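Undergrad: with the input below, show me the fold.
(4 chains)
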There are 2 protein chains.
Amino acid sequence: MATATLERPETRTGAPCCAPSAASATVTEPEAEEYAAWFKALADPTRIRILNLLARSEEPLCVCDIVDRFPLGQPAISHHLKILRDVRFVHSERRGTFMYYRVNRACLGEFPEAARRLLNA
Amino acid sequence: MATATLERPETRTGAPCCAPSAASATVTEPEAEEYAAWFKALADPTRIRILNLLARSEEPLCVCDIVDRFPLGQPAISHHLKILRDVRFVHSERRGTFMYYRVNRACLGEFPEAARRLLNA
DNA sequence: CAAATGCATCGACAAACGTCAATGTATCCA
DNA sequence: TGGATACATTGACGTTTGTCGATGCATTTG
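TA: Numbers count the residues shown, from 1 in each chain, chains lettered A, B, ... in the order given. All right, here's what the predicted structure looks like:
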């Protein structure tokens, strides 16, 4: 899957986050693909746990911190982190040779509200 | 995937819906699989649009009504409806030879809140 | 009962996903 | 400059997913 598929105009123009300002109206096919991409990023137990781990951590965590907590190899963890980064659920920041990850609170905060508008119309 | 995987004790004992009463604590691996199953059910554009269609409809819709709105065959639509039923996002009811589907408001209402507790800890 | 209708299920197939081992890249340090 | 460290990327593999055509089942109607 191409990364560009998950990058929306709003994000490229500097909008803080994810919500496509969905009114409680009909969801078009492009919008549906966008929503599905967000849900797909959460459709794996490991990513759920990584995200919860980052959400509950005061400090950003480096990749090796995360690898230590899972029975998976480092490439698998990096793969999941990339998926979470592509949909803007997490941010990453270099510190020397370390990459520190933290949740994108603006994005995760808007996500449940977007889900509500979508499903609870 | 077996249907039984998506049936949690609460649903079997008559609880209204989905939320596993997740405090804002560490998500265990079984809990993560449960959450992932819900998100997985929403990780497809067609299911997003089916769910939005049902959510915006006052009246329940039969399968042929839904089939008419998508460029997919009837087996594909039935397949997606089964996935949405397995996670309790929709209900189905027979009327003669027709199967009428409607959203499970209790479930879809709790889902965003569960997502918030999970991600916005 | 028999035919017709609406939907579910099955079998098959291509595409996507998750994982690992191996390798590449960037940064720090001696 | 060269080695070591932390992470990303690649290629391969088995599993899962989404779709279709064909078929089966339940219900209504003649």
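
Undergrad: gap between the most centrally placed residue in chain A and DNA strand C?
TA: Nearest residue to the geometric centre of chain A (Cα atoms, centre = their mean): A:F89, 2.4 Å. A:F89 sits 14 Å away from DNA strand C, taking Cβ to the nearest atom of the strand, to the nearest Å as the criterion. (C-beta placed from N, C-alpha, C; glycine too.)

Undergrad: hey, which helix or strand in chain A has the poorest pLDDT?
TA: Every helix and strand of chain A was ranked by mean pLDDT, DSSP states H and E. The lowest is helix A:9-12, at a mean of 32.

Undergrad: for DNA strand D, tell me whether the next helix or strand after that helix is touching it.
TA: Per DSSP states H and E, the first helix or strand lying C-terminal to helix A:9-12 is helix A:29-41. No - using Cβ under 7 Å from any atom of the strand, helix A:29-41 never reaches DNA strand D; the gap is at least 8.2 Å.

Undergrad: may I have helix A:29-41 as CSV, with CA atoms only?
TA: C-alpha atoms of helix A:29-41 as CSV (Å, rounded to 0.1, in the frame of the first residue of the first chain):
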residue,chain,number,x,y,z
GLU,A,29,-16.5,6.6,-1.5
PRO,A,30,-13.2,8.6,-1.2
GLU,A,31,-14.2,9.6,2.3
ALA,A,32,-15.0,6.0,3.1
GLU,A,33,-11.5,5.0,2.0
GLU,A,34,-10.0,7.6,4.3
TYR,A,35,-12.0,6.5,7.3
ALA,A,36,-11.2,2.8,6.5
ALA,A,37,-7.5,3.7,6.4
TRP,A,38,-7.6,5.0,9.9
PHE,A,39,-9.5,2.0,11.2
LYS,A,40,-7.2,-0.3,9.4
ALA,A,41,-4.3,1.3,11.2
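
Undergrad: is DNA strand C contacted by it?
TA: Yes - for helix A:29-41 and DNA strand C, the contact criterion (Cβ under 7 Å from any atom of the strand) is met by A:K40.

Undergrad: state the mean pLDDT of that helix.
TA: Averaging pLDDT along helix A:29-41 yields 94.

Undergrad: please apply the same query to stretch A:95-102.
TA: The average pLDDT for stretch A:95-102 rounds to 98.
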